[in-house]
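S.K.: From the sequence below, what's the structure:
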Amino acid sequence: MWRNCNGFYLMETLLAMSVLSIVIGAAAPVLYRIYHERFTLQQQREALELLSNKLSDESELKEGAVAGETGEFKWEFREGALCIAFTGKNKRMYSECGVIKKVNQMALPSSKR
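M.R.: A predicted model of the protein is given here:
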């Protein structure tokens, strides 16, 4: 009655499960690192956006901290440039700087001719 039964043996199934667990165990740290790097890129993108908005805004520039969507950022002044610093999800320090430019209104060409 059981002579033509084509199935898996218990040892074959255990071997396949062990190979699968080894592959998943090896891939997990790589996927974890990729997740942290992608999140850090989002933080960096947000920092550049905050810096750009702050430089184009005519409000008072002062040092301090600001909370963003992806983390906390810190304003700093270095050699005439406004910088934003943060610690990424990957535990590294990042800093982006932008030069503060004062535009002379008299030097701009007039649009009326």
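
S.K.: Touching stretch 77-97 from outside, list them.
M.R.: Contacts to stretch 77-97, defined as CB atoms under 8 Å, 6 or more residues apart in numbering, come from residues 33, 36-37, 39-40, 43-44, 47-48, 50-51, 54-55, 61, 63, 71-76, 98-100. Using the backbone N, CA and C atoms, a C-beta is placed for each residue, glycine as well.

S.K.: Buried members of the residues you listed into PyMOL, please.
M.R.: Those of the contacts of stretch 77-97 that count as buried under 16 or more other CB atoms under 10 Å are selected in PyMOL with:
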select buried, resi 40+43+44+47+50+51+54+71+73+75
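
S.K.: so where's this structure uncertain?
M.R.: Scanning the chain for pLDDT under 70 picks out the ranges 1-5, 58-59, 99-113.

S.K.: Do you have the strands of it handy? List them.
M.R.: 64-67, 72-78, 81-87, 93-99 (DSSP state E).

S.K.: What is the neighbour count of residue 68?
M.R.: Residue 68: 15 surrounding residues under other CB atoms under 10 Å.

S.K.: typed the wrong thing, it's residue 11
M.R.: Neighbourhood size, residue 11 [other CB under 10 Å]: 8.

S.K.: what sits against the residue lying closest to residue 88 once chain neighbours are set aside?
M.R.: Nearest residue to residue 88, sequence neighbours excluded (CB to CB, 6 or more residues apart in numbering): residue 40, at 3.7 Å. Contacts for residue 40 (CB under 8 Å, 6+ apart) come out as 88, 89, 90, 92, 94.

S.K.: before we move on, what about residue 9?
M.R.: With CB under 8 Å, 6+ apart, residue 9 has no contacts at all.

S.K.: do you know how far it is from residue 16?
M.R.: Per CB to CB, to the nearest Å, residue 9 is found 11 Å from residue 16.

S.K.: right, and the strands of the chain - which one's nearest residue 24?
M.R.: Nearest of these to residue 24, taken as CB to CB: strand 81-87 at 30.1 Å.

S.K.: Name the residues of that closest one that come out as buried.
M.R.: Those would be 82, 83, 84, 85, 86, for strand 81-87 by 16+ other CB under 10 Å.

S.K.: wait, which of those residues is closest to residue 20?
M.R.: residue 86 (38.9 Å).
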